[in-house]
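Q: Based on what follows, work out the 3D shape:
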Amino acid sequence: MQLTLTVPDTANISETDAQILFAMKLFEADKLSLGKAAEVAGLSYRAFYELLGRYGIPVVTMTEDDVRWEIEHARQA
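A: Presented below is the predicted three-dimensional model:
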């Protein structure tokens with residue numbers, strides 16, 4: 001899908017920055033995987049991963065139940 005957005009000049013943002021921010025939001029909303037969001041952003045996987053960290057967007061999200069399950073199964077291994 002191709003999307004065209006009109007952003008007012010007063011937003012003072014480049015097309016590249018808008019693309020990156022859009023990709024980060026899609027990743028954060030769990031609409032795209034990390035790799036696909038990196039592609040949308042036009043960045044390498046690693047560069048996008050690091051950018052998410054700079055913006056405080058977690059790459060791995062786990063609930064308390066997920067953590068408990070992981071701990072329990074790690075003990076059984």
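Q: ok, Ala41 touching Leu52?
A: No: using C-beta atoms under 8 Å, Ala41 is not in contact with Leu52; the gap is 9.9 Å. (Glycine included, C-beta is placed from N, CA and C.)
Q: what do these two both touch?
A: The overlap between the contact sets of Ala41 and Leu52 (C-beta atoms under 8 Å, 6 or more residues apart in numbering) consists of Met24.
Q: now do the same end-to-end measure for stretch 49-67.
A: End-to-end distance of stretch 49-67: 22 Å, with C-alpha to C-alpha, to the nearest Å as the criterion.
Q: Report the mean confidence score over that stretch.
A: For stretch 49-67, mean pLDDT is 91.
Q: residue ranges for the strands of the protein, please.
A: Counting by DSSP state E, one finds no strands in the chain.
Q: low-scoring pLDDT stretches of it, where are they?
A: 77 (pLDDT under 70).
Q: Check it and tell me which residue is nearest its centre.
A: Phe27 (3.4 Å; C-alpha atoms, centre = their mean).
Q: Let me know whether it touches Val60 as I believe.
A: No: with contact defined as C-beta under 8 Å, Phe27 does not count as touching Val60 (11.9 Å).
Q: neighbour-wise, which of Ala41 and Leu52 wins?
A: Ala41 (23 against 20; other C-beta atoms under 10 Å).
Q: how close does that one sit to Glu72?
A: 36 Å (C-beta to C-beta, to the nearest Å).
Q: Over to Asp9?
A: Distance from Asp9 to Glu72, counting by C-beta to C-beta: 55 Å.
Q: Kindly report the same for Arg54.
A: 34 Å.
Q: what's the answer for Gln2, then?
A: Distance from Gln2 to Glu72, by C-beta to C-beta: 46 Å.
Q: now swap in Glu15 and tell me
A: If you go by C-beta to C-beta, the gap between Glu15 and Glu72 works out to 48 Å.
Q: my guess is Val40 meets Lys25, correct?
A: No: contact criterion C-beta under 8 Å: Val40 and Lys25 do not qualify, at 10.3 Å.
Q: The two - which one has more neighbours?
A: Val40 (18 against 13).
Q: any idea how far Ala11 is from Ala37?
A: 21 Å.
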